[in-house]
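J.: predicted model and sequence follow; I will ask about them next.
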Amino acid sequence: MNGEHKITSGHRARTALVYLRQSTLVQVREHTESTMRQYALADVAVSLGWAPRDVEVIDRDLGLSGTSAAHRQGFRDLMSRVCLGEVGAVLGLEVSRLARSNADLARLAEMARLTGTLLIDSDGVYDLSDFNDWLVLGLKSTMSQAELHIMAGRLQAAKLAAAERGELRAPLPVGLVYDDGGMVVTDPDAEVRAAVADVFACFAAAGSAYGVVAAFAGRKFPQRAYGGAWAGQLRWGPLTHHRVLQVLKNPAYAGAYVHGRHVTRKAIDAAGNVRTVTAEVPRAQWKVLIKDHHPGYVTWEEYLAVEARLAANWTASGARTVREGSALCQGIIYCGSCGGPMVANYQGGDRANYECHSRRDGKKAPGCRGIATAALDGAVARVLLDALTPEQVALALAAADEVTGQHQRAGRAAELALERARYDADRAERAFSQVEPENRLVARTLEARWEAKLAALAEAEQALESARAALPPLPDRASLAAIAADLPALWHAPTTTPRDRKRLLRTLIADVTLLPEPDRAKARIGIRWHAGTADQLIIDRPRPSGIPAVTPSPAADLIRRLGPTAGNDDLVAILARHGHLTGAGRPFDVKAVQWVRRVYGIPVPSPVAAGEVSVKDAARQLGCSPGVVYYWIETGQLETRRSSGNRLCIPWTPDTEAECRARIAASGHLNPAARRTRPRKTPRCPAEQPQMSAPTGNI
Ligand SMILES: [Zn+2]
């Protein structure tokens, strides 16, 4: 070997390290020749004079890229052992490729120079303390770097040229395959095609990726394996949210050929390691985009619509998606004073207000006002329903088709699964019947396989039956058309959810603005339609709760005039006869009349007839408390009459008054003078006598 004389006994006394590297697992698996040659370096070390026990192989980095030492534990071990000075030589197939990064190799060379470690490759032995060797190694490293750059450049240019023609083959998403001529076609497997098409159909119906996941609950979605032992095979598994997004965002399904959708960038993490990050590239920066390149599942326009809808669902970017709440204009209502969005503020039940969001941020403009959701939503819904009238027939048909389509899709998936199970069972049966009966070992295995397939077939039949049974009966087209024709009824139906209403609203209305309005009792609403036109309407603001409606003056005048003489029941009858209504637009009842009396201070007619007094009046005249009079009434000493309002009326004659006064005069309880004339029945209790408090002493 070239430069063998540089190896001294000092080197041979230390360990010889053989460093193995392959960039990827595919290289390790397929380029076995290179791997064998690398392992053979151990024999080279022995032939150069190292004892076999002093030769160590470091092969931890097989299958790891050499662009950075960060993830290569083997290279780091090598470096640390070289630094410790326990290594006599490092052997590699090509020393300049020990590390693909110049910096890593330069570090190794520097450490090898300081510790007197030799580097050995197929070209010879390098002693880094020798300037010539050091220079040669440096040159080789620079040249290998340049070689990599030139090769990569040529490959990339060739790749890009092929991509620009739409001929660069890339792994296709499930549902698309290459045919024998290398053209992209939809998967010949109808079950796969149906599954992919259903993802797009379910997204159109549900409007969100999570909605698609829910629609696929209990149903499996195919995935094509790339590379590895399962390369090209179809695996069926649950459909995850991530997979749905992958399918919906992949332009290949829209028949487009795209190159450069993703880009890799280098980034340095917190630990100082260089990492490769893959990022999505905006559509405007895609290097190649060829529309109508192959048959797809959706049109390009549909793909763009899906993309826009996904963006509108992305709340992290500020999108305001349809929510569950009852506030119809949630997400599309703005304040006309400050321009900020308004949010629905729920106050229990369905009561809610739209409030300017700026209020929370403390940026409220003087004109910013809120409004009850019920008032604004009602007006907007009326405008929407009026606008929808000419669309009713089209809507009815679309609704009918959509429901039919949903039914067909649900049943179709189970049918296709059954067909596949039947095919598998037939094939297993054929394989079993073709085997020679004497070959019992094989026959037994094939029989077991056939039985398993038959069980799967029975399961698929069962699944189809239950799928059919689970479907609700399909309403006929005529009744659907009738329901849709009566759109207001459909709109207000309890089965229509707020989400449905909001989605329908958003199909026609772009946004709603609460415009400034000087009249505080009114609200001015601006509606901007998707068609580009705009409308304005003015509605009455609902009164804040707690402040009752003002009674219309004719009714109030009537109550004022008749109130002092007529009772409440009579007033209700009179007001109803004249057709008067309360301020809230309801017929008067006793409560409403009582309220008007209280507000206007209208007295109730006295229930006491002539020659009668009320309990209160009697007590006043006698100079006692009403309780005394009630006591006399309860004990039957005083006669009374119940009036219409259930009031007590006392027939009041001079005799009655005299009797009452006599009772007061005789009562020791009511008349202190009478009490003093009578002797005390019991002597005063000694305890009641005032006592001097005894001296308490020290406490
Ligand atoms: Zn505002």
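T.: Perfect, I can see it now.

J.: residues in contact with the residue of the stretch 101-250 of the chain found nearest the ion?
T.: Taking CB to the ion, the ion has its nearest neighbour within the stretch 101-250 of the chain at G207, 29.1 Å off. Using the backbone N, CA and C atoms, a C-beta is placed for each residue, glycine as well. Applying CB atoms under 8 Å, 6 or more residues apart in numbering, we find G207 in contact with 309, 313, 322, 503.

J.: give me the lowest-pLDDT entry from those.
T.: Among the contacts of G207, V322 carries the weakest pLDDT, at 74.

J.: and for that one, the neighbour number?
T.: By the criterion of other CB atoms under 10 Å, V322 has 20 neighbours.

J.: now list the buried members of the contacts of G207.
T.: Buried members of these, scored by 16 or more other CB atoms under 10 Å, are 309, 313, 322.

J.: quick one: residues contacting R165.
T.: Contacts of R165 (CB under 8 Å, 6+ apart): none.

J.: now with 10 Å?
T.: 257, 288, 290 (CB atoms under 10 Å, 6 or more residues apart in numbering).

J.: let me know the closest of those residues to the ion.
T.: Closest to the ion, out of all of the contacts of R165 and judged by CB to the ion, is V288, at 46.8 Å.

J.: which of the helices or strands spans R427?
T.: helix 392-434 (DSSP states H and E).

J.: which strands and helices lie in contact with that helix?
T.: helix 190-206, helix 209-215, helix 440-470, helix 477-485, helix 487-492 (3 or more CB pairs under 10 Å, 6 or more residues apart in numbering; DSSP states H and E).

J.: only the buried residues of the third one, if you could.
T.: Residues 443, 446-447, 449-450, 453-454, 456-457, 460, 463-464, 467 are the ones in helix 440-470 that count as buried (16+ other CB under 10 Å).

J.: and it with helix 392-434, angle?
T.: Counting by axes from the mean of the first three to the mean of the last three CA atoms, to 10 degrees, helix 440-470 lies at 160 degrees to helix 392-434.

J.: and helix 440-470, what other elements does it pack with?
T.: helix 392-434.

J.: kindly calculate the angle that the helix it packs on makes with helix 190-206.
T.: 160 degrees.

J.: avg pLDDT for helix 392-434?
T.: Mean predicted confidence for helix 392-434 is 77.

J.: one more: stretch 535-548?
T.: 76.

J.: find the nearest non-adjacent residue to R586, please.
T.: A592 (7.5 Å; CB to CB, 6 or more residues apart in numbering).

J.: ditto for H294
T.: Nearest to H294 is V184, by CB to CB, 6+ apart, at 3.6 Å.

J.: the residue of the stretch 451-600 of the chain found nearest the ion in helix, strand or coil?
T.: Closest to the ion within the stretch 451-600 of the chain is L514: 8.3 Å, counting by CB to the ion. Put simply, L514 is strand when judged by DSSP: H, G, I helix; E, B strand; the rest coil.

J.: going forward, begin numbering at 442 instead of 1
T.: In the new numbering, first residue 442, that becomes L955.

J.: can you count the residues close to the closest residue to it other than its chain neighbours?
T.: Nearest residue to L955, sequence neighbours excluded (CB to CB, 6+ apart): G777, at 5.5 Å. Residues near G777, counting by other CB under 10 Å, number 20.

J.: pull the contacting residues for the nearest residue to I731 once chain neighbours are set aside.
T.: In space, and not counting its chain neighbours, I731 is closest to Y698: 4.1 Å by CB to CB, 6+ apart. Counting by CB under 10 Å, 6+ apart, Y698 touches 604-609, 611, 625, 692, 729-735.

J.: can you give me phi and psi for Y698?
T.: phi -100, psi 120 (degrees, to the nearest 10).

J.: now swap in L1003 and tell me
T.: phi -90, psi -20.

J.: next: G565.
T.: The phi/psi pair for G565 (degrees, to the nearest 10) is phi 150, psi -160.

J.: what about the closest residue to it other than its chain neighbours, how many residues nearby?
T.: Distance criterion CB to CB, 6+ apart; nearest residue to G565, sequence neighbours excluded, is N443 at 3.1 Å. For N443, the count of nearby residues is 11 (other CB under 10 Å).

J.: I'd assumed A1103 was in contact with W1073.
T.: No: using CB atoms under 10 Å, W1073 makes no contact with A1103, being 12.0 Å away.

J.: and these two? Which one has more around it.
T.: W1073 (20 against 10).

J.: could you measure from the more buried one over to R1102?
T.: 12 Å (CB to CB, to the nearest Å).

J.: so H1110: helix, strand or coil?
T.: coil.

J.: is it true that it touches S1066?
T.: No: using CB under 10 Å, H1110 is not in contact with S1066; the gap is 11.4 Å.

J.: what's the distance between stretch 594-608 and the middle of its chain?
T.: 41 Å (CA atoms, centre = their mean, to the nearest Å).

J.: er, stretch 754-766 I mean
T.: On CA atoms, centre = their mean, the centre of stretch 754-766 falls 8 Å from that of its chain.

J.: so where is the stretch 992-1140 of the chain shaky, pLDDT-wise?
T.: Scanning the stretch 992-1140 of the chain for pLDDT under 70 picks out 1048, 1085-1086, 1113-1140.

J.: switch the cut-off to 90
T.: Of all residues in the stretch 992-1140 of the chain, those with pLDDT under 90 make up the ranges 992-1070, 1072-1140.

J.: kindly report the domain assignment for the chain.
T.: When the chain is parsed with automatic domain parsing, its domains come out as 445-602, 617-697+732-758, 767-974, 994-1041, 1053-1115.

J.: not counting stretch 1016-1024 itself, show me its contacts.
T.: 984, 989-993, 995-1000, 1003, 1015, 1028-1030, 1032-1034, 1036-1037.

J.: start and end of it, how far apart?
T.: 13 Å (CA to CA, to the nearest Å).

J.: then stretch 787-798?
T.: 14 Å.

J.: show me how far that stretch is from its chain's centre.
T.: With CA atoms, centre = their mean, you get 21 Å for stretch 787-798.
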